[in-house]
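1. Sequence and computational prediction follow.
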Amino acid sequence: TRRHLAVGRVPSSASSASSSPSSGAATTSAVGPDAVVQLVYTLTPILVQCWLECVPTEGGLAGLSGPELPSTLACMDLILGVLDVLWGLLGAVTGEAAAAAVLAERYGRDFARFFMVHFPFADVSSDAGSSSADVLASMNARLCTLATHFCSTSEAPCDESSGSGSGS
């Protein structure tokens, strides 16, 4: 049987009564902001490395074909999804503007160099309905979502803050 680790879950009142410290069961508690920040700082470089291992070095995504295609795309999609969750958590605990600044400073160059270079992953309309097209469409959407983590809605829009607005 599989065991699942419940990280950050607080036991419900029904289960907390049965899992008292005296019974030897471990209890979990909420994770603080510093732990989330450290988690992001630790896992993001590892996920970038995993991404680089997934993407073919010759021909990029265009070089993908054959039996390895579905598993490679699934791995890449999973990495994008985990990054989205991690970076979303960072924004939730530090604030959107602070997270956008940290992400841009620490990961902006790698994001542009290793991820955005493949965007869009494919023209999914040509293979609409295939499982690969579905994954590629998901990856396109996830990459767009990831790019939004570098933006902050709490600051003035670029055209107003840069003085290039249409006002006189």
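-> Nice, thanks for sending it over. Numbering: from 1, shown residues only.

2. what is the mean pLDDT for the longest helix along the chain?
-> Looking only at the chain and at elements set by DSSP state H, the helix with the highest residue count is helix 69-94. Mean pLDDT, helix 69-94: 94.

3. Now that helix: buried residues?
-> Within helix 69-94, the residues scored as buried using 16 or more other C-beta atoms under 10 Å are 72-77, 79-80, 83-84, 86-87, 89-91, 93-94. Using the backbone N, CA and C atoms, a C-beta is placed for each residue, glycine as well.

4. Kindly report the same for stretch 141-153.
-> Of all the residues in stretch 141-153, those buried under the rule 16+ other C-beta under 10 Å are Arg142, Leu143, Leu146, His149, Phe150, Ser152.

5. now, among those, which is nearest to Glu105?
-> Phe150 (10.1 Å; C-beta to C-beta).

6. residues contacting Trp51?
-> If a contact means C-beta atoms under 8 Å, 6 or more residues apart in numbering, then Trp51 has Met76, Ile79, Phe114, Phe115 as its contacts.

7. Just the element for Leu146, please.
-> Using DSSP states H and E, Leu146 sits in helix 131-148.

8. tell me what that helix is packed against?
-> helix 69-94 (3 or more C-beta pairs under 8 Å, 6 or more residues apart in numbering; DSSP states H and E).

9. Helix 131-148 and the helix it packs on, what's the angle between them?
-> Orientation of helix 69-94 against helix 131-148 (axes from the mean of the first three to the mean of the last three C-alpha atoms, to 10 degrees) gives an angle of 20 degrees.
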